[in-house]
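Colleague: What follows is a predicted protein model with its sequence.
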Amino acid sequence: MTNNRNGGCPVFAETFQSNLDAMIDLIAGAPKQPEDKLIGYELERILATPDGRTVSYSGEQGLAALLEQLATMHAADERVFIDGILFGFDYRVMVEGEPVRVTVSLEPASQLEVAVGPSKSVRRLHMAVEAFDADVRRALDAIGSDASLQAVGYNPYVSDPTELELIPKERYRDMDAYLSRHGRHARDMMRCSASTQVSLDYEDEADMARIYRMGTLLGPLFAFLFDNAPRFRGAPTPGMARSIIWRHVDVDRCGIVPSSLDGLGFLDYALWTTGVKPILFTDERHVTTATGDARTREIMAERKLTRGELAHLLSMVFPNIRLKGFCEYREMDSLPPRLAAACTSFTGALFYDKQLEEKLAATLSTWLPRGFELIDESDAVAARLDLEQLGWEANVYGVPARAFADALVSIALDNVANG
């Protein structure tokens, strides 16, 4: 890299610059008009038996057997194979006359993830999840299993995360080995946690920066309001176990991205990503190799990468909000399907409101006479710690948690009522 004396912007070697431009294009996605913005969500759940046994990948009634039974309900081109092993499905289901995309996959310790959308209708997304759950129930009956999908932020039946078997996927073995050396709760995150993630469109870079700023400011409250992890390593927890876990996973790729509150741009996010060690790299031939201490920028300097390869590198960072052509909001615990849909509606009703910050500042002016003008990243971290320790008695940027939550609910309800 050299310095550009005229413009003050960094100038990179040609191969890296070409890949960086392509990565920025992926992050930017296609420009959208306000009326064209859609929403989607992902729901991760664990499969467990009535007597509290977590169902693993292997075995006659394991996740592999469940996937094979589900495969009988899907065409060959709807099945997803990695290294010749069935790991999920990608298909569309008709809901009220609209085709809704459904993507099914496995997380590291066989947490079952279903992603639905995008769509304009959260109702239809919820119905697509319900249809998937009905398929799962039929498949479980067919293999003689009495297990069920359980929505919980942390597996309540596990006292030691290493008790759980990793699925036979190279990506997760490499991640487990690397992350376990870079955060004391990395194995809790990979093997025991489950989330609800909401995907939000943005019109352009400025709209992304606004959504990203508000998502960062409100992240601690969302983690608190949608906490659904009553137990951690077999013991009762006072709350926000997933939030605590993520604070103790590789800080280089997690948490708050620099400039999140100061007008984050596509280039800012891409450059932050290039400074992270990706752990592993899956090339255009779907061959996965460990990358050791190499950073993403070094891989991007070697040769021109495909869009799929660049998308893989973007998937190897885990900030509170991830950019993938849309904002993937990752703060919330796994929730029962109806609540996950409600959470998605709530999130969209707030973050798609371009006046959200001004409305909150006006509502909370008793405590924030200057609005959020002086709030920085350290304040966001402090708010999270306060909520983790004090719950409803906490202050968030000097505002009582209950007053802040009431303000959010009031704005969301008003936005829904007024379309």
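Modeller: Here it is on my side, so go on. Numbering: from 1, shown residues only.

Colleague: roughly how far apart are the residue minimising distance to the centre of the chain and residue 319?
Modeller: Nearest to the geometric centre of the chain sits residue 330, at 3.7 Å (Cα atoms, centre = their mean). According to Cβ to Cβ, to the nearest Å, residue 330 stands 8 Å off from residue 319. In this view, the C-beta of every residue, glycine as well, is placed from N, C-alpha and C.

Colleague: just to revisit the earlier point, for the closest residue to the residue nearest to the centre of the chain other than its chain neighbours, which three-state class applies?
Modeller: Excluding the flanking residues, the one nearest residue 330 by Cβ to Cβ, 6 or more residues apart in numbering is residue 197, at 5.1 Å. The three-state assignment at residue 197 reads strand, by DSSP: H, G, I helix; E, B strand; the rest coil.

Colleague: so residue 197 touches residue 326, yeah?
Modeller: No: using Cβ atoms under 8 Å as the test, residue 197 is too far from residue 326 to be in contact (11.0 Å).

Colleague: tell me the contacts of residue 386?
Modeller: Contact analysis of residue 386 by Cβ atoms under 8 Å, 6 or more residues apart in numbering lists 394, 395, 396.

Colleague: which residues touch the first one?
Modeller: Going by Cβ under 8 Å, 6+ apart, residue 394 touches 224, 383, 386, 387, 401.

Colleague: In helices, which of those residues appear?
Modeller: Residues of those located in helices (DSSP state H): 224, 383, 386, 387, 401.

Colleague: Need those residues in TSV (columns: distance to residue 361 and pLDDT).
Modeller: Listed next are these as TSV, based on distance: Cβ to Cβ, whole Å; pLDDT from 0 to 100:
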residue	distance to residue 361	pLDDT
224	20	98
383	16	98
386	20	98
387	20	98
401	17	98
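
Colleague: host element of residue 177?
Modeller: helix 170-179 (DSSP states H and E).

Colleague: Run through the neighbouring helices and strands of that helix.
Modeller: helix 186-192, strand 280-282, strand 288-290 (3 or more Cβ pairs under 8 Å, 6 or more residues apart in numbering; DSSP states H and E).

Colleague: Kindly compare burial across these and name the winner.
Modeller: helix 186-192 (a mean of 24; mean count of other Cβ atoms under 10 Å).

Colleague: ok, so what distance separates residue 419 from residue 353?
Modeller: Relative to residue 353, residue 419 is positioned 12 Å away (Cβ to Cβ).

Colleague: More neighbours: these two, which one.
Modeller: Ranked by neighbour count (other Cβ atoms under 10 Å), residue 419 and residue 353 place residue 353 first, with 18 against 4.

Colleague: OK, contacts around the more buried one?
Modeller: So residue 353 contacts 359, 411, 415 (Cβ under 8 Å, 6+ apart).

Colleague: so where does the spatially closest residue to the last one that is not a sequence neighbour fall, helix or strand?
Modeller: The reference is to residue 415. In space, and not counting its chain neighbours, residue 415 is closest to residue 349: 4.4 Å by Cβ to Cβ, 6+ apart. Using DSSP H and E, residue 349 maps to helix 337-351.

Colleague: Need the mean per-residue confidence for that helix.
Modeller: Averaged across helix 337-351, the pLDDT comes to 98.
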